[in-house]
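Asker: Build me a structure from this.
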Amino acid sequence: MSDQTSFNAKQTAMQWENKVNLNLTVESREGHYSRPFEAKNLVIAGWTGRNREAMEAHVAELEEIGIARPKRMPEYYRNGLNLLTTDTSIEVVGDHSSGEIEFVLYIDKDEIFVGLGSDHTDREVEKTNVTVSKQVCPKPVSAAVWKYSDICDHWESLALRSHAVIDGQKALYQEGPVTTMKDPMDLLKEFEDRGGERNGLVMYCGTLAVHGGVRPAQSFEMELRDSVLNRSIRHRYDAHSLEMGD
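Answerer: Okay, the predicted model is just below:
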């Protein structure tokens, strides 16, 4: 790339400011209400495990299917805002993509919300480039979110669980506490320390090891459970596979 081309690319990046308006439903201690959210930046935080042994297990899963370990942990992958969707069905190319459950942060100035998402990823492309593998798949999220201020005092009591529906059979896919991943405020601080902007940020915050190995599924079900306030956020989506051209 020539110096001029590089300069023009940087200028375009500086001038471009995309925004996506999401209509979230906040489930708070005071009740439920609709809450518009202007998303300005989508980031997938990877390799966020608090327990090194558990994180190494997930790295080993991916290495088994040809995906190299990261150069640093955590890593922050930038993706397009147009990938975000609360729909209950998505379309993917081929039959080599899969979902993985994550808690998701929404930052609006000093207000923080926590929701649920799936970092649906193309595993074949991931062998070549992790960022691109995430960019080629939609990113399902729940419309429902919780106020972080409602749960920060009992964060360690929250848990994630996902199920995969494969050939009509439902199987437990992932399960574990949110504390498997680093504290969300630590992830946010490190992102900002690396020059990231928090206002309008949507951040996926890492996933759990998989039962039975990473594999595609026709449907993916996920749940974020709060045992203290006795409530859950749930979301399910179908992944429709499009035929690949020659």
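
Asker: my guess is residue 226 meets residue 156, correct?
Answerer: No - judged on CB atoms under 8 Å, residue 226 makes no contact with residue 156 at a distance of 11.2 Å. No exception for glycine: its C-beta is placed from N, CA and C like everyone else's.

Asker: Between these two, which is the more surrounded one?
Answerer: Set residue 226 next to residue 156 and count neighbours by other CB atoms under 10 Å: residue 226 wins out with 20 against 11.

Asker: Now do the same contact list for that one.
Answerer: 146, 151, 154, 157-158, 232 (CB atoms under 8 Å, 6 or more residues apart in numbering).

Asker: Among the residues you listed, which lie within strands?
Answerer: Those of those mapping onto strands are 146, 158, 232, per DSSP state E.

Asker: Please report which of the residues you listed has the highest neighbour count.
Answerer: Of the ones in strands among the contacts of residue 226, with other CB under 10 Å as the count, residue 146 tops at 23 neighbours.

Asker: how about it, what does it touch?
Answerer: Counted by CB under 8 Å, 6+ apart, residue 146 has contacts 26-28, 113-115, 226, 233.

Asker: In the sheet, which residues pair with it? Tell me.
Answerer: On the basis of DSSP bridges, residue 146 is bridged to residue 114.

Asker: Show me the helices in the protein, by range?
Answerer: For the chain, applying DSSP state H gives helices covering 3-15, 52-64, 123-126, 130-135, 148-151, 184-193.

Asker: Mean neighbour count, those: which tops it?
Answerer: For those, the largest average neighbour count (mean count of other CB atoms under 10 Å) is found in helix 123-126, namely a mean of 20.

Asker: Give me the contact list for it.
Answerer: In contact with helix 123-126 (CB under 8 Å, 6+ apart) are residues 62, 65, 67, 94, 96-98, 132-134, 136, 214, 216.

Asker: and which of those is nearest residue 42?
Answerer: Nearest to residue 42 among those is residue 134, at 9.6 Å by CB to CB.

Asker: The spatially closest residue to residue 61 that is not a sequence neighbour: how many residues sit nearby?
Answerer: Using CB to CB, 6 or more residues apart in numbering and skipping residues adjacent in sequence, the residue nearest residue 61 is residue 214, 5.5 Å away. Other residues near residue 214 come to 19 when the count uses other CB under 10 Å.

Asker: Surely residue 214 is in contact with residue 97?
Answerer: No - counting by CB under 8 Å, residue 214 stays clear of residue 97, with 10.2 Å between them.
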